[in-house]
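J.: Here is a sequence with its predicted model. Questions after.
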Amino acid sequence: MKARSITPMGALHPILFFACVYVVALLLSIFICSSIFYSLNDNRTSDEAVVKKTEQTVAVTPAVSVN
């Protein structure tokens, strides 16, 4: 009989490789999609920009009277 040259771990290597690639791609896609989602739905930054712009335009210096 011929000896087996492929070990069980060697036979599972392609399956394990593609499973790891799938997990990494899944995690990266979740991170990227959630980053895009939160950046598009972030109302706080647009409100802060309006407040800062309003504060800069409303600033008034007091009048100094010279007698």
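T.: Great, that's in hand.
J.: Val66 and Phe17: what is the separation?
T.: Distance of Val66 to Phe17, computed by C-beta to C-beta, to the nearest Å: 83 Å. For glycine as for every other residue, the C-beta is placed from the backbone atoms N, C-alpha and C.
J.: What about Ala11, how many residues nearby?
T.: Residues near Ala11, counting by other C-beta atoms under 10 Å, number 10.
J.: quick one: it from Ala3, how far?
T.: As for Ala11, its distance to Ala3 is 15 Å (criterion: C-beta to C-beta).
J.: got it, and Tyr22?
T.: Tyr22 sits 33 Å away from Ala3, going by C-beta to C-beta.
J.: which of the two has more neighbours?
T.: For Tyr22 versus Ala3, the count of surrounding residues by other C-beta under 10 Å is larger for Tyr22: 10 against 4.
J.: other SSEs contacting the host helix or strand of that one?
T.: Using DSSP states H and E, Tyr22 sits within helix 8-40. Contact partners of helix 8-40 among helices and strands, from 3 or more C-beta pairs under 8 Å, 6 or more residues apart in numbering; DSSP states H and E: none.
J.: more crowded one of Val66 and Phe17?
T.: Neighbours of Val66 and Phe17, each counted by other C-beta under 10 Å, are more numerous for Phe17; the result is 10 against 3.
J.: Just the pLDDT at that one, thanks.
T.: If you check Phe17, the pLDDT there is 94.
J.: Distance-wise, check it relative to Ser34.
T.: From Phe17 over to Ser34 (counting by C-beta to C-beta), the distance is 26 Å.
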